[in-house]
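# sharing a sequence plus its predicted fold:
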Amino acid sequence: MPGGRLTQPERRQIALGLADGLAYAEIARRLERPTSTITREVMRNGGPTSYRAELAQRATERRTHRRRQAAPAGALPQAYGRDAEAVREYEEVFTTVMMQSGLPKMMSRVMASICLTDTGSLTASELVQRLQVSPASVSKAVAFLEGQGLVRRERDERRRDRYVVDADVWYESMMASARATAHIVETARQGVGVLGPNTPAGARLENIARFLDFVSETTARAAAQARDILHTKPEVTPDSPA
């Protein structure tokens, strides 16, 4: 399987594959590349409907040039003997997955940056430094993520706002999603009363309500169980190893 960065001929093959409606996995198989490589390449260069090989090639060259210029001043040391290039590549993969889940690009980059820190938190200035973007971009992204319940704000000892991603944040986000789904259920059932339970439209809304009601309850119950299990620390007895 070839390694290294994608070449311009490979990018042309990706564009042709997308035009033919091929899945990322099939394009990857033909190029003998990991599917994640193709997914990341397409998502960071306009998505499947806007991907253009020549534009993607030029964008990659510009990113490489900026990275080389910024490396002496902005390179961040890696703890625990981690491979800095492997961490950077993985952060791109994580960001791509967040984008595929529906988050906008900037919000996905912020989420990935915070999630991949050992502290699970970063200040706005640290995000600006890591991502090489404007404070306004970070502020907008953080406000969006807070609104979605995906990050929470804390004050550190220097009275700076820190943005945190931990198990509690994921729990609250899942519960918020369950509540939003429950609201759709309530609205759908109101529609059943308006349209009539014995009409095709009313029956459709009732099926929607029943399905989403099950999903909402299951999500909330699973999130609560997961939090209880994962946050429970084993008891330490006198005979237990330290």
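It's in.
# just the helices in this structure please.
8-19, 24-31, 35-43, 53-74, 84-100, 105-115, 124-131, 135-147, 167-195, 200-230 (DSSP state H).
# and the ones you listed as a markdown table, adding distance to residue 159 and mean pLDDT?
C-betas here are computed from N, CA, C, even on glycine. As requested, these are exported to a markdown table (distance: least, C-beta to C-beta, whole Å; pLDDT from 0 to 100):
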| stretch | distance to residue 159 | mean pLDDT |
| --- | --- | --- |
| helix 8-19 | 48 | 93 |
| helix 24-31 | 46 | 93 |
| helix 35-43 | 38 | 88 |
| helix 53-74 | 26 | 69 |
| helix 84-100 | 29 | 84 |
| helix 105-115 | 20 | 93 |
| helix 124-131 | 13 | 93 |
| helix 135-147 | 17 | 93 |
| helix 167-195 | 21 | 92 |
| helix 200-230 | 30 | 94 |
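# export these as a markdown table, with columns for mean neighbour count and distance to residue 154.
Below are the helices of the chain laid out as a markdown table (neighbours: other C-beta atoms under 10 Å; distance: least, C-beta to C-beta, whole Å):
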| stretch | mean neighbour count | distance to residue 154 |
| --- | --- | --- |
| helix 8-19 | 18 | 42 |
| helix 24-31 | 18 | 38 |
| helix 35-43 | 21 | 31 |
| helix 53-74 | 12 | 25 |
| helix 84-100 | 16 | 22 |
| helix 105-115 | 22 | 12 |
| helix 124-131 | 17 | 13 |
| helix 135-147 | 16 | 12 |
| helix 167-195 | 15 | 11 |
| helix 200-230 | 14 | 19 |
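# which stretch among these comes nearest residue 156?
Evaluated with C-beta to C-beta, the helices of the chain place helix 124-131 nearest to residue 156, the distance being 11.1 Å.
# now do the closest one and helix 135-147, the angle between them.
Compare the direction of helix 124-131 with that of helix 135-147 by axes from the mean of the first three to the mean of the last three C-alpha atoms, to 10 degrees and you get 110 degrees.
# and helix 124-131, how far out from the chain middle?
How far helix 124-131 lies from its chain's middle: 18 Å, per C-alpha atoms, centre = their mean, to the nearest Å.
# so which other helices or strands are in contact with it?
helix 105-115, helix 135-147, strand 161-164 (3 or more C-beta pairs under 8 Å, 6 or more residues apart in numbering; DSSP states H and E).
# the same query, at a cut-off of 6 Å, please.
Under the contact criterion of 3 or more C-beta pairs under 6 Å, 6 or more residues apart in numbering; DSSP states H and E, helix 124-131 touches helix 135-147.
# what angle sits between the helix it packs on and helix 167-195?
60 degrees.
# got CSV for the helices of the chain, with distance to residue 156 too?
As requested, those are arranged in CSV below (distance: least, C-beta to C-beta, whole Å):
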stretch, distance to residue 156
helix 8-19, 44
helix 24-31, 41
helix 35-43, 33
helix 53-74, 22
helix 84-100, 23
helix 105-115, 14
helix 124-131, 11
helix 135-147, 15
helix 167-195, 17
helix 200-230, 25
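# right, so of those helices, which gets closest to residue 160?
Going by C-beta to C-beta, the one of the helices of the chain nearest residue 160 is helix 124-131, 7.8 Å.
# list the contacts of the residue positioned nearest the centre of the chain.
For the chain, residue 98 is the residue whose C-alpha lies nearest the centre (C-alpha atoms, centre = their mean; 1.9 Å). By C-beta atoms under 6 Å, 6 or more residues apart in numbering, residue 98 lies in contact with 108, 111.
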